[in-house]
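Asks: Kindly generate the corresponding structure for this input.
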Amino acid sequence: MTGLRAVPVWDFPTRVFHWLLVLAVAVSYVTGGEEGWLFALHTASGYVVALLLLFRLIWSVIGSPHSRFSDFVYGRQVVADYVRRLLTLAPPRYVGHNPLGGWMIVLMLVVLSLAVLTGLFSGEEGGLAGPLSSLLAAPLSEAIGEGHEVFANLILLLAVVHVCGVLVDWWLTGENLISAMVSGRKQLDETLAAAEKPVAPAWRMILAAGIVAIAGVIVFAKTDFAALMTAQAEHKDISHDDD
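Replies: Numbering: from 1, shown residues only. A predicted model of the protein is given here:
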């Protein structure tokens with residue numbers, strides 16, 4: 001393979017966001033429905049997911065070229081053409097996300113946002129409850145809690161589809177997207193490499209991270225994690241006393 005060189009495509013903030021999101025979502029899913037300190041961990045990991053989504057929203061505007069939504073959210077015709085090529089097992093290669101991959105990312109971010117939002121307001125009578133569930137009537141909070149479970153399972157399904165899509169793309173194009181999301185680089189021919197724009201300067205990352213850090217301090221400071229860990233035990237004690 002001559003005439004190829006490694007070119008930065010995925011910047012450092014995008015890669016850190018990606019892998020931290022994988023970790024935070026995994027922790028949230030595993031601790032879902034648990035009680036005590038695991039419920040506190042579930043809440044904390046949910047906050048982390050929310051903060052990461054905030055960062056991604058900011059970075060989609062001020063980040064590096066291939067990290068912006070404008071780079072990988074394609075119109076219907078482009079998506080349709082890509083699907084036709086995909087069905088012939090000869091999809092075109094894209095420097096950034098391909099059209100289907102781009103819309104998968106948008107869908108996952110939307111579902112993750114809905115999972116976080118419903119988690120904040122979800123609750124069940126005498127059971128686990130989100131930090132903002134007390135703002136709603138019990139029946140509505142319980143209904144939202146059921147929606148939270150649906151979104152959590154949908155995230156798992158989308159994650160499986162996403163991984164399968166990456167593997168299929170690797171098989172058909174020979175491009176290892178997993179490695180690229182670790183190193184940040186792709187092998188491009190000289191023409192494409194010369195057309196690549198530089199990644200965003202460090203001050204933009206500092207700005208985005210600073211905004212997220214401030215939001216994180218506020219959110220975590222306002223949450224009584226000790227109360228979350230003991231609330232279920234207290235409820236069980238009361239229930240046993242009533243019996």
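Asks: so who does Leu54 touch?
Replies: By Cβ atoms under 8 Å, 6 or more residues apart in numbering, the contact list for Leu54 reads Ile211, Val212, Ala215. Just so you know, the C-beta spots here come from the backbone N, C-alpha and C atoms, and that holds for glycine as well.
Asks: where's the residue nearest to the first one when sequence neighbours are not counted, which helix or strand?
Replies: Pointing back at Ile211 there. Counting by Cβ to Cβ, 6 or more residues apart in numbering, Ile211 lies nearest to Ile58, which is 6.3 Å off, once chain neighbours are set aside. Per DSSP states H and E, Ile58 falls inside helix 37-62.
Asks: Can I get stretch 108-120 as CSV, trimmed to CA atoms?
Replies: Coordinates of each C-alpha in stretch 108-120 appear next as CSV, following Å, rounded to 0.1, in the frame of the first residue of the first chain:
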residue,chain,number,x,y,z
MET,A,108,-27.6,6.9,20.3
LEU,A,109,-27.1,10.4,21.6
VAL,A,110,-30.9,11.1,21.5
VAL,A,111,-31.7,7.8,23.3
LEU,A,112,-29.0,8.4,25.9
SER,A,113,-30.4,11.9,26.5
LEU,A,114,-33.9,10.4,27.0
ALA,A,115,-32.5,7.7,29.3
VAL,A,116,-30.9,10.4,31.5
LEU,A,117,-33.9,12.6,31.5
THR,A,118,-36.3,9.8,32.4
GLY,A,119,-33.9,8.6,35.1
LEU,A,120,-34.0,11.9,36.8
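Asks: So for it, what gets flagged as buried?
Replies: Using 16 or more other Cβ atoms under 10 Å as the test for burial, stretch 108-120 gives Met108, Leu109, Val111, Leu112, Ser113, Leu114, Ala115, Val116, Leu117, Thr118, Gly119, Leu120.
Asks: Can you lay out those residues as CSV showing distance to Tyr94, secondary structure and pLDDT?
Replies: As requested, the buried residues of stretch 108-120 are arranged in CSV below (distance: Cβ to Cβ, whole Å; DSSP: H, G, I helix; E, B strand; the rest coil; pLDDT from 0 to 100):
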residue, distance to Tyr94, secondary structure, pLDDT
Met108, 18, helix, 96
Leu109, 19, helix, 96
Val111, 23, helix, 97
Leu112, 23, helix, 97
Ser113, 25, helix, 97
Leu114, 28, helix, 97
Ala115, 28, helix, 96
Val116, 29, helix, 96
Leu117, 31, helix, 95
Thr118, 33, helix, 94
Gly119, 34, helix, 92
Leu120, 36, helix, 91
